[in-house]
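A.B. asks: Below are the sequence and a predicted model for it; my questions follow.
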Amino acid sequence: MQFSDQTIGIIIGSGIALFSSFLVTVLTLFFNERKEKNKQKFELEKLNEFENIKKRKKDDKEKDKNIRLVRDFENLSPSPVLNNLNLSGVLLTGINLRKATMRGAIFSGANLRAVCMVNADLTGSEFANSNLEGADFTGANLTFANFTGANLSQANLSQANLTRTNFSNADLNDCDVEENNLKVAILNHTRLPDGHFSK
């Protein structure tokens with residue numbers, strides 16, 4: 001069976017038109033799906049951003065409350081238990097937390113210069129990268145506390161319990177501490193009271 005050139009042309013033209021229509025449909029579906037995915041991604045990012053802002057505001061509000069509680073500590077009777085309190089990055093220089101119970105409290109990156117924590121229970125507390133220059137920890141329980149990268153120059157750690165206390169990369173220059181107490185602590189590239197560094 002033979003087809004005329006005109007018939008063949010029509011068949012080919014119809015095939016091209018059909019393929020073109022199919023291709024347009026496929027591309028339209030592809031781009032619509034991609035557009036929808038981008039829209040969903042954008043909406044999810046906005047939602048996450050909103051949730052993060054909400055969480056930050058909540059954390060800031062909680063931290064402000066914690067700061068007021070700590071600043072009023074010496075005026076409160078009986079003294080409150082302040083376990084697991086989050087005070088990361090706060091400015092609390094010179095405050096009096098004598099005999100405070102603050103197990104697991106978080107002071108990471110805080111400025112606690114000249115703070116008084118005499119006889120305080122700070123078991124498992126977090127002081128990483130905080131400024132504790134001149135702080136007084138006499139008789140404090142610092143078991144399992146983390147002072148990684150903290151500045152403890154001229155601080156008083158006499159009679160403190162330093163069992164498994166982590167002083168990695170911390171500055172203990174001119175710090176008042178018994179040598180025997182440091183033997184039970186973790187010292188890794190720590191600047192010691194005599195100015196030398198541990199291994």
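C.D. replies: Cool, the structure landed.
A.B. asks: average pLDDT across the lengthiest helix in the chain?
C.D. replies: When the chain is scanned for its longest helix (criterion: DSSP state H), the result is helix 5-71. Within the predicted structure, the mean pLDDT of helix 5-71 is 77.
A.B. asks: Surely Asn173 touches Phe197?
C.D. replies: No - at 10.0 Å, Asn173 and Phe197 do not qualify as touching, with contact defined as CB atoms under 8 Å. For the C-beta atoms, the positions are set from N, CA and C on the backbone; glycine is no exception.
A.B. asks: what touches both of the two?
C.D. replies: Listed as contacting both Asn173 and Phe197 by CB atoms under 8 Å, 6 or more residues apart in numbering are Arg191.
A.B. asks: More neighbours: those two, which one.
C.D. replies: Between Asn173 and Phe197, Asn173 has the larger neighbour count (other CB atoms under 10 Å), namely 19 against 13.
A.B. asks: picking that back up, right, and the helix or strand after the longest helix of the chain?
C.D. replies: In the C-terminal direction, the helix or strand that comes right after helix 5-71 (DSSP states H and E) is helix 179-182.
A.B. asks: quick one: buried residues of that following helix?
C.D. replies: If you call a residue buried by 16 or more other CB atoms under 10 Å, then helix 179-182 has these buried ones: Asn181, Leu182.
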